[in-house]
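**Student:** Would you be able to build a 3D model of this:
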Amino acid sequence: MASRPGGGSLEGMNETPKKLTRSRADRVVGGVCGGMGRYFNVDPLFFRIGAVALAFVGGAGLLLYLAALVLVPSEDQPAGAPGVGEPGAQRNRALVIIAIVVGLAVAFPFLLGGGLLLAGIGIPLAILVGAGVLVWWLVSGEGPSGDAGDIARRAALGVGVLIVCCFIALIGAFAAAAGPGWLVAAFVLLAGVAIVGAAFVQPLRWLVLPAVTLALSGGFVAAVGIDVHGGIGNRDYRPASSVDLRDHYELGIGQLVLDLRDTDLPKGDVPVKLDIGVGDAELIVPNDVCVATDAEVGMGNVRFFGHDHGGVDVDYEDLSDAAPTTTRLLLKANVGIGQLRVYDSRGEFYDDFDPLDESHPKQAACSA
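**Tutor:** Now for the predicted structure:
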């Protein structure tokens with residue numbers, strides 16, 4: 001191998017320097033991302049994702065891509081065309097850069113508003129497409145490869161699988177809430193069989209995601225304690241006396257209101273139980289009635305005389321005492337998903353109640 005006196009290889013001196021050019025073979029629009037991927041030796045998909053993401057930030061990605069179309073030469077540029085280093089090309093590129101900067105500064109407020117609008121539409125759409133590709137990868141084994149048409153086809157098929165799984169989740173949740181207790185265990189067993197079977201029989205891979213969806217929806221219903229045996233709709237109960245007052249009120253899905261403001265209640269302890277699967281339960285009592293509450297909410301909120309207690313697996317107790325001559329309502333409440341509200345005739349007062357203000361008692365009828 002020949003070498004020059006100062007060291008170094010003549011072969012290295014003859015190597016063509018690496019240039020950034022727009023790709024002709026790997027292009028979706030103008031080959032900019034394909035050329036950058038080849039120049040930096042990374043997958044062009046990363047540059048395409050970045051360009052789309054920047055397009056939602058005031059339109060910056062679109063302007064940068066247009067600038068690259070002008071400034072970056074194509075790899076099939078004719079030999080006689082002006083090179084990057086020639087004075088004429090440098091002057092033209094400098095003018096283009098100045099024009100782009102000035103245009104961006106002038107149009108940025110308008111582009112920002114349009115970019116935010118596009119982001120509100122495009123980002124959820126991009127997330128949906130990504131989820132579709134991932135789901136199709138899971139059920140079929142075809143990864144996110146190929147051209148744009150292949151990716152779009154897989155995304156559409158994956159979104160279709162997601163829609164089917166959503167229907168399966170709704171059906172499974174309702175079946176678990178309305179069916180016998182062993183049904184959730186059957187869902188979990190089915191998911192386990194599908195996963196084990198898919199490890200040995202490839203076509204069973206299609207059953208894994210629907211079976212797991214069914215098990216998760218049933219397990220969620222069991223975890224939060226949703227029960228729809230009480231029916232669906234709105235129920236409004238206003239008993240006139242303690243004879244008409246039942247000790248148990250139940251509703252599957254909807255709103256249950258028990259209004260006792262005009263009920264002739266006896267002195268002492270009066271037990272009442274409220275069960276609702278999904279929805280709101282309201283108990284309204286007279287001002288001279290004390291309420292001792294033991295409430296469980298799978299997911300939601302308990303608003304008890306202006307005090308909020310919300311979250312997941314809420315277990316709320318307020319076992320206030322009352323004088324023997326005072327009516328004390330012993331409330332036992334179970335809510336799967338939703339809210340339990342307890343208040344007296346001063347409902348608006350409790351809606352505006354500040355829980356940190358100790359000068360206002362929660363219940364005037366309770367002795368402690």
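**Student:** shaky segments in the stretch 201-350 of the chain?
**Tutor:** By pLDDT under 70, the low-scoring segments of the stretch 201-350 of the chain are 201-204, 224-225, 228, 347-350.
**Student:** Could you measure from residue 52 over to residue 222?
**Tutor:** 41 Å (Cβ to Cβ, to the nearest Å). C-beta here means a position set from N, CA and C on the backbone, and glycine is covered the same way.
**Student:** Now for the nearest residue to residue 30 once chain neighbours are set aside, how many residues are close by?
**Tutor:** Sequence neighbours aside, residue 69 is the residue nearest to residue 30 in space, at 4.8 Å (criterion: Cβ to Cβ, 6 or more residues apart in numbering). Residues lying near residue 69 (other Cβ atoms under 10 Å) number 14.
**Student:** Can you give me the distance of residue 69 to residue 19?
**Tutor:** From residue 69 to residue 19 the distance is 16 Å (Cβ to Cβ).
**Student:** what's the answer for residue 150, then?
**Tutor:** If you go by Cβ to Cβ, the gap between residue 150 and residue 19 works out to 30 Å.
**Student:** what do you get for residue 246?
**Tutor:** Distance from residue 246 to residue 19, counting by Cβ to Cβ: 85 Å.
**Student:** do the same with residue 194
**Tutor:** The gap separating residue 194 from residue 19 is 53 Å, by Cβ to Cβ.
**Student:** Neighbour count for the two, which is higher?
**Tutor:** Using other Cβ under 10 Å as the criterion, residue 194 and residue 19 rank with residue 194 on top: 20 against 12.
**Student:** what helix or strand is that one on?
**Tutor:** Per DSSP states H and E, residue 194 falls inside helix 182-200.
**Student:** so what secondary structure elements neighbour that helix?
**Tutor:** The contact analysis (3 or more Cβ pairs under 8 Å, 6 or more residues apart in numbering; DSSP states H and E) places helix 182-200 against helix 148-178, helix 205-224.
**Student:** mind redoing it with 6 Å?
**Tutor:** The contact analysis (3 or more Cβ pairs under 6 Å, 6 or more residues apart in numbering; DSSP states H and E) places helix 182-200 against helix 205-224.
**Student:** buried residues in the helix it packs on?
**Tutor:** In terms of neighbour count (16 or more other Cβ atoms under 10 Å), helix 205-224 has its buried residues at 205, 207-222, 224.
**Student:** Stretch 160-169 too?
**Tutor:** Neighbour counts using 16+ other Cβ under 10 Å place 161, 162, 165, 168, 169 of stretch 160-169 among the buried residues.
**Student:** pLDDT and distance to residue 318 added to the residues you listed, as TSV?
**Tutor:** Putting the buried residues of stretch 160-169 into TSV (pLDDT from 0 to 100; distance: Cβ to Cβ, whole Å) gives the following:
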residue	pLDDT	distance to residue 318
161	84	47
162	86	43
165	84	41
168	83	40
169	84	36
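**Student:** Would you mind checking which of those residues is nearest to residue 346?
**Tutor:** Residue 346 lies nearest to residue 169 out of the buried residues of stretch 160-169, by Cβ to Cβ, at 42.0 Å.
**Student:** what's the distance between the residue nearest to the closest one when sequence neighbours are not counted and residue 127?
**Tutor:** Leaving aside its sequence neighbours, residue 169 sits nearest to residue 217 (Cβ to Cβ, 6+ apart; 4.1 Å). Look at residue 217 and residue 127: by Cβ to Cβ, they are 21 Å apart.
**Student:** Next: residue 207.
**Tutor:** 26 Å.
**Student:** go on, residue 248?
**Tutor:** According to Cβ to Cβ, residue 248 and residue 127 sit 45 Å apart.
**Student:** Look at residue 167 and report its pLDDT.
**Tutor:** Looking at residue 167, its pLDDT stands at 86.
**Student:** So the chain: which segments form each domain?
**Tutor:** Per automatic domain parsing, the domain ranges recorded for the chain read 17-75+84-127, 148-222, 232-351.
**Student:** could you dump these to a markdown table with distance to residue 140?
**Tutor:** Conversion of the domains of the chain to a markdown table gives the following (distance: least, Cβ to Cβ, whole Å):
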| stretch | distance to residue 140 |
| --- | --- |
| domain 17-75+84-127 | 20 |
| domain 148-222 | 7 |
| domain 232-351 | 34 |
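**Student:** For residue 309, what are phi and psi?
**Tutor:** Here is the backbone geometry of residue 309 (degrees, to the nearest 10): phi -140, psi 100.
**Student:** Correct me if wrong: it contacts residue 317.
**Tutor:** No. With contact defined as Cβ atoms under 6 Å, residue 309 does not count as touching residue 317 (10.0 Å).
**Student:** one step back: so of the buried residues of stretch 160-169, which two are at opposite extremes in space?
**Tutor:** The distance between the two most remote of the buried residues of stretch 160-169 (Cβ to Cβ) is 12.4 Å, for 161 and 169.
**Student:** Assign the residue lying closest to residue 206 once chain neighbours are set aside to helix, strand or coil.
**Tutor:** Nearest non-adjacent residue to residue 206, counting by Cβ to Cβ, 6+ apart: residue 139, 5.6 Å away. At residue 139, secondary structure determined by DSSP: H, G, I helix; E, B strand; the rest coil is helix.
**Student:** what's the burial count for residue 139?
**Tutor:** Residue 139: 19 surrounding residues under other Cβ under 10 Å.
**Student:** residues contacting it?
**Tutor:** By Cβ atoms under 6 Å, 6 or more residues apart in numbering, residue 139 lies in contact with 161, 206, 209.
**Student:** Nearest to residue 183, out of those residues: which one, please.
**Tutor:** Among the contacts of residue 139, residue 209 lies closest to residue 183 (Cβ to Cβ), at 19.8 Å.
**Student:** any idea how far residue 128 is from the closest one?
**Tutor:** From residue 209 to residue 128 the distance is 16 Å (Cβ to Cβ).
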